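Student: build me a structure from this.
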Amino acid sequence: MNKNEFIAAVHENKNLDTFKLSKSAVAAVIDSALEAIESALKDGDEVRLVGFGNFYVAKRAAIQGRNPRTGATIEIKASKTPKFRAGKSLKDSVNGTTIKD
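Tutor: Numbers count the residues shown, from 1 in each chain. Next comes the predicted model:
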């Protein structure tokens, strides 16, 4: 599913019928949500969506690597990368298991 298909799927969701949102309004909401997540991650914060999962930033230390073509040693810089850890409800839904209350 690409972004346009995702926007269409959210637009067609029956839970949003009462709001009568246009596709462009849904797209604006989705873009705003993604920008908020990106901004929080840039600031070093974690975004926790209970039942869905957590977005966080993982830090990688600088390491020595090798150029496979020449065999020369190279320095690989330290970096940060965004990651996502799925929540239990999402995992259970994807696996088709039910949650016991």
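Student: tell me where this structure has strands.
Tutor: Assigned strands in the chain, in chain order: 47-49, 53-60, 63-66, 73-76, 79-86 (criterion: DSSP state E).
Student: which helix runs longest in this protein?
Tutor: Once the chain is assigned using DSSP state H, the helix that runs over the most residues is helix 23-42.
Student: what number of residues lie near the residue nearest to residue 27 when sequence neighbours are not counted?
Tutor: Counting by C-beta to C-beta, 6 or more residues apart in numbering, the nearest residue to residue 27 once its immediate chain neighbours are dropped is residue 7, at 4.9 Å. Heads up, the C-betas are built off the backbone N, CA and C, glycines and all. Other residues within reach of residue 7, judged by other C-beta atoms under 10 Å, total 18.
Student: got the domain ranges for the chain?
Tutor: Using automatic domain parsing, the domain parsing of the chain gives 1-45, 47-101.
Student: quick one: average pLDDT of the first one?
Tutor: Model confidence over domain 1-45 averages 94 on the pLDDT scale.
Student: show me what contacts the nearest residue to residue 89 once chain neighbours are set aside?
Tutor: Leaving out its chain neighbours, the residue that sits closest to residue 89 by C-beta to C-beta, 6+ apart is residue 51, at 4.0 Å. Residue 51 makes contacts with 87, 88, 89, 90, as judged by C-beta atoms under 8 Å, 6 or more residues apart in numbering.
Student: okay, residue 51 and residue 1: tell me how far apart.
Tutor: Using C-beta to C-beta, to the nearest Å, we find residue 51 at a distance of 20 Å from residue 1.
Student: and for residue 52?
Tutor: Computed as C-beta to C-beta, the residue 52 to residue 1 distance reads 16 Å.
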